[in-house]
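Peer 1: Build me a model from this:
(one chain, ligands or ions: 2)
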Amino acid sequence: MDDISKALRDFLSSHGASTFSCGGSIPMKPSHAPGQDQHQHPHSCPPVTARWTGTGGDHHITFPLEGEDAARLPALVRDCVPATFGKDDEDVLDPTYRSAVAMDTSKFAVDFDPYILGIQGLRQSVVAELYKLNIYESPSGFFKSHVDTPRHETQFGSLVVCLPHPHQGGGLVVRHAGKDVTFDWSSTEGAVQWAAFYSDCEHEILNVTEGARVTLTYNLYARTHPADLEGLLGQELAPVDVQSLPLYEVVRAAMADPAYKTEGGTLGVFCSHAYPLSHEQTKVPIWPEDGEAIDIPNTSMVLKGTDLAVVSVFKALGMVVQVKSILQGKNTLRHCYFYHGDDEDWPGDRQSDHLGQTLVTEEGGHDCAEIEHIMEAFGDELRDVTWLTDVKHNDGHFVHLTYGNEPGVMKHYTQAAILVTVPPSAERSRLSS
Ligand SMILES: O=C(O)CCC(=O)C(=O)O
Ligand SMILES: [Fe+2]
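Peer 2: Numbering: from 1, shown residues only. Ligands and ions are numbered 1, 2, ... in the order given. Have a look, this model is predicted:
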């Protein structure tokens, strides 16, 4: 293993755990002391009121439930519908996979402001779009492992806000790259509690054994360019100071060494996260309510966690970095790596763990029936990639394309790779200076 691979592995194994989710809690503002505690608790949360139109007319309920509100929860539950989820391309109601009720945003309004959560720079850089109100009741509320269905290339995360209401169980387990974090909100009733995670992370809600767990879910979209998202998800996910990383120093030293890739080449790193991808055209007015339209180049991905950090290291050294999707074959969740064989002809799609060469196009890849279609769509640029990490394979636990929280959307997740162009050594002096 060369020095860069080793430094990269060290970096990924030491930073991989804490960089895919974060959470916190905000104490409720005491309801009997209006205004008084404002200065002591700048981030305290006023009671949260939901209004909806349901059986018998208009209703409202305020959390935490006090006085008359205590009797209103059954009405809210009654006006919710059994929560479905996406399985492959279908909307499925299956209480053995998800047992909960939910209300769509078309049916209710809530006065909770997600931007008070104290997440750094949230309002400027993120659109938090309210998605659903969910209720998981004892004795059987739960939602098995799934990933949140991507809706747009700029969607990078999910936010779950747990309203203050007594319950037991119902832990939210978020998994990524063999690590997991559990957010257990059963013990604290005097606070709004929240968790945010990158949306391609698998998560599940454990059985609610007492009471009712009431949540608001939000889709998080990047408002601005990926680079501006650094530090977004709070302290824990703050970008590492790239120049202080051993990886930075090792890459810098390699670039300064004329013997390292004298002729130049391409380094490849398989991304830790999966990314939503579509083939839509570039100009997408996604926030018409704000009067804005964002230019989203096809190839731009809102990089997440360690992927962002790795890209930042190479960019900080002045290198050209691209992120490309990995081509996928039709009717298979396994990835295909296309490579040029010894023969002149295309080898066809081989599901292979071949590490030497891969077909990478300017546009990324997509599901194609035949290699010819891929070449038609994307051209036939071939690059010799030196992979610094192992090729990732899907395994039986990979639920990305199977269990979503919504079916049949136009986006899917794709595996991606970071490609770094290493100029010939004669041209590298400007990098290390
Ligand atoms: O209520 C929650 O904790 C999250 C629900 C969820 O994962 C979803 O709706 O996709
Ligand atoms: Fe979810």
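Peer 1: measure the residue in the stretch 51-200 of the chain that ligand 2 sits nearest to to residue 85 for me?
Peer 2: Going by C-beta to the ion, ligand 2 is nearest to residue 148 of the stretch 51-200 of the chain, at 4.5 Å. Where C-beta positions appear, they are placed from N, C-alpha and C, glycine not excepted. Per C-beta to C-beta, to the nearest Å, residue 148 is found 10 Å from residue 85.
Peer 1: Where does pLDDT dip in the stretch 151-300 of the chain?
Peer 2: 224-240, 277-300 (pLDDT under 70).
Peer 1: so residue 9, which of the three states?
Peer 2: At residue 9, secondary structure determined by DSSP: H, G, I helix; E, B strand; the rest coil is helix.
Peer 1: count of neighbours near it?
Peer 2: Residues near residue 9, counting by other C-beta atoms under 10 Å, number 15.
Peer 1: I'd assumed residue 306 was in contact with it.
Peer 2: No: the pair residue 9 / residue 306 is not scored as a contact, 11.4 Å apart, by C-beta atoms under 8 Å.
Peer 1: hang on, the earlier thing: return the backbone torsion pair for the residue of the stretch 51-200 of the chain closest to ligand 2.
Peer 2: When quoted as degrees, to the nearest 10, the phi and psi of residue 148 stand at phi -70, psi 130.
Peer 1: Look at it and say how many residues are nearby.
Peer 2: By the measure other C-beta under 10 Å, the count of residues near residue 148 is 24.
Peer 1: can you tell me how far it sits from residue 73?
Peer 2: 26 Å.
Peer 1: Need the phi and psi values for the one residue in the stretch 101-250 of the chain that gets nearest to ligand 1.
Peer 2: Closest contact between the stretch 101-250 of the chain and ligand 1, by C-beta to the nearest ligand atom, is at residue 215 (3.6 Å). Backbone geometry at residue 215, expressed as degrees, to the nearest 10, gives phi -130, psi 150.
Peer 1: So residue 6 belongs to a helix, correct?
Peer 2: Yes: counting by three-state DSSP, residue 6 is found in a helix.
Peer 1: what's near enough to touch it?
Peer 2: By C-beta atoms under 8 Å, 6 or more residues apart in numbering, the contact set of residue 6 is residue 250.
Peer 1: Report pLDDT for it.
Peer 2: Residue 6 is assigned 87 on the pLDDT scale.
Peer 1: Just read off the phi/psi values of residue 314.
Peer 2: The phi/psi pair for residue 314 (degrees, to the nearest 10) reads phi -70, psi -40.
Peer 1: Count the residues that sit near it.
Peer 2: Residue 314: 23 surrounding residues under other C-beta under 10 Å.
Peer 1: same question, the one 10 residues further on
Peer 2: Here the neighbour count serves as a burial measure; for residue 324 (other C-beta under 10 Å) it reads 23.
Peer 1: What distance do you get for it to ligand 2?
Peer 2: 27 Å (C-beta to the ion, to the nearest Å).
Peer 1: Spell out, range by range, the helices that occur in this protein.
Peer 2: For the chain, helices defined by DSSP state H occupy the ranges 3-15, 73-79, 122-125, 246-256, 305-316, 371-378, 429-432.
Peer 1: what would those helices look like in CSV with distance to ligand 1?
Peer 2: Below are the helices of the chain laid out as CSV (distance: least, C-beta to the nearest ligand atom, whole Å):
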stretch, distance to ligand 1
helix 3-15, 25
helix 73-79, 14
helix 122-125, 19
helix 246-256, 34
helix 305-316, 19
helix 371-378, 32
helix 429-432, 44
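Peer 1: and residue 178, which of those helices is closest to it?
Peer 2: Set against residue 178 and scored by C-beta to C-beta, the helices of the chain come closest in helix 3-15, at 10.3 Å.
Peer 1: Output that closest one as PDB, nothing but the C-alphas.
Peer 2: Coordinates of each C-alpha in helix 3-15 appear next as PDB, following Å, rounded to 0.1, in the frame of the first residue of the first chain:
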ATOM      1  CA  ASP A   3       1.800   6.200   1.600                       C
ATOM      2  CA  ILE A   4      -1.300   8.100   0.300                       C
ATOM      3  CA  SER A   5      -3.500   5.000   0.500                       C
ATOM      4  CA  LYS A   6      -2.300   4.400   4.000                       C
ATOM      5  CA  ALA A   7      -2.900   8.000   5.100                       C
ATOM      6  CA  LEU A   8      -6.300   8.000   3.500                       C
ATOM      7  CA  ARG A   9      -7.300   4.800   5.300                       C
ATOM      8  CA  ASP A  10      -6.100   6.200   8.600                       C
ATOM      9  CA  PHE A  11      -8.100   9.300   8.000                       C
ATOM     10  CA  LEU A  12     -11.300   7.400   7.000                       C
ATOM     11  CA  SER A  13     -11.100   5.000   9.900                       C
ATOM     12  CA  SER A  14     -10.600   7.800  12.500                       C
ATOM     13  CA  HIS A  15     -13.200  10.200  11.100                       C
END
